[in-house]
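Trainee: got a predicted model here, sequence first, then my questions.
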Amino acid sequence: MADENRRKKKRKSGKKKSSSRRSNSSEEGEGAGSLVMTGEAEYVPDADGGAVVVVDQEPFNGEDMMPAPVPEPEAMTAEVGGDEEGQQNGFTEDGLAVAMAVDAGAEDDYVYAAIEYDPDAKPPLHRNRRFRVYTCLAIVLVAAAVAVTVIYVTKGAKGVDEQYTDINVNTLPTFEPTPSPLTNREQSGIIEQIEAGVLQRGAVFANMTIDDPRRMALEWILHYDQMQLNSDDVNLYQRYVLALLAFSLDSLAWYYCGNHRMVNANETVDFVQEDCDVLASTGLLESHKVWLSSADECEWYGAKCSGNDGVLRGLELMGNDLIGELPPEISQLRFLQYIAFNGNCLYGTIPPEMGSMPNLLSLELQGNGLSGAIPEELNNADKLQLLNGAMQYQYPYQCVASDGRVVNTIFSKGDPENGYNWGLMGDTLGDNVNKWKSMKGLHLFDNSITGTLSSALGDLKYLVFLRVHNNAIQGLIPNEIVKLNKLREMYLYQNGVFGDFPPDIGLMEDLQDLRVHENEMWGYLPDTFWKLTKMKKLWLQDTLECEQDEADEWKCMRSRDKGFQGSISPEVGNMKKLSQLLLNNNPFTGVLPAELGLCKELSRLHVHQTFITGVVPNEICLLRDEELFDHTGQIGVFYADCRPNNKTEDPYISCDCCSDCCDHTHGVCVADD
């Protein structure tokens, strides 16, 4: 019995010792389900109602792998008991075992299984504690080696870094669409090429919506374009930008060669139309290729390429109902020399990136609904020879978009809800204007251009046409403008220009058309003025007198008492090519010189509402038999104050050949032919 009790005690003491840290946690956390037991896994609810597997591993210190401690002999004696003859725990003093009686009553407490004992046998290998420990360590090491090998091979095959994420267990679905797997085309480098070489303002395709024209053009290049360009094809950028223009400017609504769709009874198929016919100026039909067709982009209608290299040099889409905003990516057509998009329904601003186009010679955007400041960056296009941004303000033209929306250029962005469009703005003719050192034609009329006429205008030595009328330009005409000896046309009318002409204006020897009417100009015409022998049209009429009212608003009205003064010099006969001379509503004095009769091409002469007196010379009347008559039957050609003044007084001037006679005081004119 004592031996059986001894065996029981040794059996209990032979249990593997538990970690004191684990035991303490078990005791303290009993019944507290929110605590995580060290070395165990537990499902912890998260904020979304799911659960997360949490594992807290205790650092390995080998304590659990140590064999149980062997009890000391004294402890055995205290537990089992011994006799007084020196036998302790079934051993003699010499350490020899002795037989001990078995207590039969103990069988009910605990019965060992009967095992046949072989003194030469060794314990089974799987029962060896050391073997089990080393086996477990070996398995762990082999598993780790296999895992490292698999990860390394997988990373090498994919060429990308592995990313590890926490797994959310039993959480609700997010309902976010699963990204489609990338196709071979999408992995071919085309996306990266276009992002790096074409897209502007830091744009990337990943941040674009599916209806973004830039994204739509990419999808077409990747999946629908039958040409199937590669990332290293030389015309990839060129074809992409043209596709972008088609999607940005609603090619389906174009008048010519933009509709690539084929509509059948049961379906609509995109990108199948190939050919289109265009009525040429000769009255004959010309064959072209539809935009977004499978043909080379140089064959698309309006695309002009150099024949030897297939590089795009020009775009001509005048009057073709283009609708929308110009994308900044158009600037990446690096070899483009001219753009002609006039007479369409473009709105928005001119992209500042267009100033970086190194070969741009001509930019024609007149007759649209553009708005906003002309970007300063555009001055950097130093090869530009023609800039035509005219007719954006109050220019009514209507287009119908492919979705049925009506776009009218008289409104901002074509929509009446945005209010009226004020056209292009900014101090465009300021000090940076001389960066356009190659400029020949500057057409910005019918806009809201502000600022003054800078003296830097005089540096544009190749300038031929300066048409900036109907704007909000203020100030004097700078003296430096007389250096423009190639200038033929100068239209400054309907602005806020004031003062007189530069005294050396006669140096502008090529000037043929000068129009400064409806400004606040005044003074005498310089003596050199009559040396402008190539002058054909001289419009000085309707000078304004402006005053501020009580609300600080400027009110302007025509006045015959303010404006240009003095007499008409006999040297006017030097202007033998003069066809139109309009001087009305100015305080000119003196008489009409007979030398005006030398201007054989004169077809319009307005001298009414002035203080010119006397008799019209016969030399001028003879011009009525030349060109000074009404070719249309609608307007008078020779106006003078030849009606009785104030109805009862003598007329200011006596005229037997005037087409219309006016009352100087009341301003009423009556046809006299």
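Mentor: Looks like it arrived, so ask away.

Trainee: in the stretch 151-300 of the chain, which ranges drop under the pLDDT threshold?
Mentor: Applying pLDDT under 70 to the stretch 151-300 of the chain flags residues 151-182, 265.

Trainee: try it again with 50
Mentor: The stretch 151-300 of the chain contains residues with pLDDT under 50 at 154-178.

Trainee: what ranges does the chain have for its helices?
Mentor: Secondary structure of the chain (DSSP state H): helices located at 2-13, 20-28, 73-80, 129-158, 190-197, 213-219, 236-248, 618-621.

Trainee: quick one: contacts for Trp530?
Mentor: 506, 569, 571-572, 574-575 (Cβ atoms under 8 Å, 6 or more residues apart in numbering). In this view, the C-beta of every residue, glycine as well, is placed from N, C-alpha and C.

Trainee: so which of the residues you listed wins on neighbours?
Mentor: Met575 (24 neighbours; other Cβ atoms under 10 Å).

Trainee: thought that one was touching Lys537?
Mentor: No. Checked against Cβ atoms under 8 Å, the pair Met575 and Lys537 is beyond contact range at 10.4 Å.

Trainee: the closest residue to Gly314 other than its chain neighbours: how many residues sit nearby?
Mentor: Of all residues not flanking Gly314 in the chain, Lys304 sits nearest, at 3.6 Å (Cβ to Cβ, 6 or more residues apart in numbering). Lys304 has 14 neighbouring residues, counting by other Cβ under 10 Å.

Trainee: so which residues of the stretch 401-550 of the chain form strands?
Mentor: Listed in chain order, the strands of the stretch 401-550 of the chain (DSSP state E, counting those that start in this stretch) span 406-408, 424-426, 441-443, 448-449, 465-467, 474-475, 489-491, 496-499, 513-515, 520-521, 523-524, 537-539, 544-548.

Trainee: for the residue nearest to Gly314, what are its contacts?
Mentor: By Cβ under 8 Å, 6+ apart, the neighbours of Lys304 are 298, 312-316.

Trainee: and these, which is closest to Leu378?
Mentor: For the contacts of Lys304, the residue nearest Leu378 by Cβ to Cβ is Leu315; the value is 17.3 Å.

Trainee: list the beta-bridge partners for that closest one.
Mentor: For Leu315, the beta-bridge partners under DSSP bridges are Ala303, Ile339.

Trainee: residues contacting it?
Mentor: Going by Cβ under 8 Å, 6+ apart, the list of residues near Leu315 reads 245, 302-304, 336, 338-341.

Trainee: likewise Cys345?
Mentor: 321-324, 368-369, 397-399, 407-409, 414.

Trainee: switch the cut-off to 7 Å
Mentor: 321-323, 368-369, 397, 399, 407, 409, 414 (Cβ atoms under 7 Å, 6 or more residues apart in numbering).

Trainee: now the spatially closest residue to Glu377 that is not a sequence neighbour: how far from Gly430?
Mentor: Nearest residue to Glu377, sequence neighbours excluded (Cβ to Cβ, 6+ apart): Gly355, at 3.4 Å. Distance, Gly355 to Gly430, by Cβ to Cβ, to the nearest Å: 15 Å.

Trainee: just the CA trace of stretch 403-422, in PDB.
Mentor: Written as PDB, here are the backbone C-alpha positions of stretch 403-422 (Å, rounded to 0.1, in the frame of the first residue of the first chain):
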ATOM      1  CA  ASP A 403     -26.500  63.400 -76.300                       C
ATOM      2  CA  GLY A 404     -29.000  65.900 -77.600                       C
ATOM      3  CA  ARG A 405     -27.700  68.800 -75.400                       C
ATOM      4  CA  VAL A 406     -27.800  72.200 -77.100                       C
ATOM      5  CA  VAL A 407     -24.600  74.300 -76.800                       C
ATOM      6  CA  ASN A 408     -24.700  78.000 -77.600                       C
ATOM      7  CA  THR A 409     -21.400  79.900 -77.600                       C
ATOM      8  CA  ILE A 410     -23.100  83.200 -76.500                       C
ATOM      9  CA  PHE A 411     -23.300  81.600 -73.000                       C
ATOM     10  CA  SER A 412     -20.500  80.600 -70.700                       C
ATOM     11  CA  LYS A 413     -19.600  77.000 -71.500                       C
ATOM     12  CA  GLY A 414     -22.500  76.900 -73.800                       C
ATOM     13  CA  ASP A 415     -25.100  76.800 -71.100                       C
ATOM     14  CA  PRO A 416     -27.700  79.600 -70.400                       C
ATOM     15  CA  GLU A 417     -27.600  78.700 -66.700                       C
ATOM     16  CA  ASN A 418     -24.000  79.900 -66.600                       C
ATOM     17  CA  GLY A 419     -24.800  83.400 -67.900                       C
ATOM     18  CA  TYR A 420     -23.300  85.200 -70.800                       C
ATOM     19  CA  ASN A 421     -19.800  84.500 -72.000                       C
ATOM     20  CA  TRP A 422     -17.400  87.400 -71.800                       C
END
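
Trainee: and for it, what's in contact with it?
Mentor: 323, 345, 347-348, 368-369, 371, 392-401, 448.

Trainee: may I ask which of the contacts of Lys304 has the most neighbours?
Mentor: So for the contacts of Lys304 (other Cβ under 10 Å), the most neighbours sit at Leu312, 23 neighbours.

Trainee: that residue contacts Leu336, correct?
Mentor: Yes. Counting by Cβ atoms under 7 Å, Leu312 touches Leu336, with 5.9 Å between them.

Trainee: for PyMOL, what selects the buried ones among the contacts of Leu315?
Mentor: Buried residues among the contacts of Leu315 (16 or more other Cβ atoms under 10 Å), as a PyMOL selection:
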select buried, resi 245+302+303+336+338+339+340+341
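
Trainee: what's the closest of the contacts of Leu315 to Met439?
Mentor: Nearest to Met439 among those: Tyr338, at 14.2 Å, using Cβ to Cβ.

Trainee: OK, contacts around the residue nearest to the closest one when sequence neighbours are not counted?
Mentor: Excluding the flanking residues, the one nearest Tyr338 by Cβ to Cβ, 6+ apart is Ser362, at 3.7 Å. Applying Cβ under 7 Å, 6+ apart to Ser362 gives the contacts 338, 385-386.
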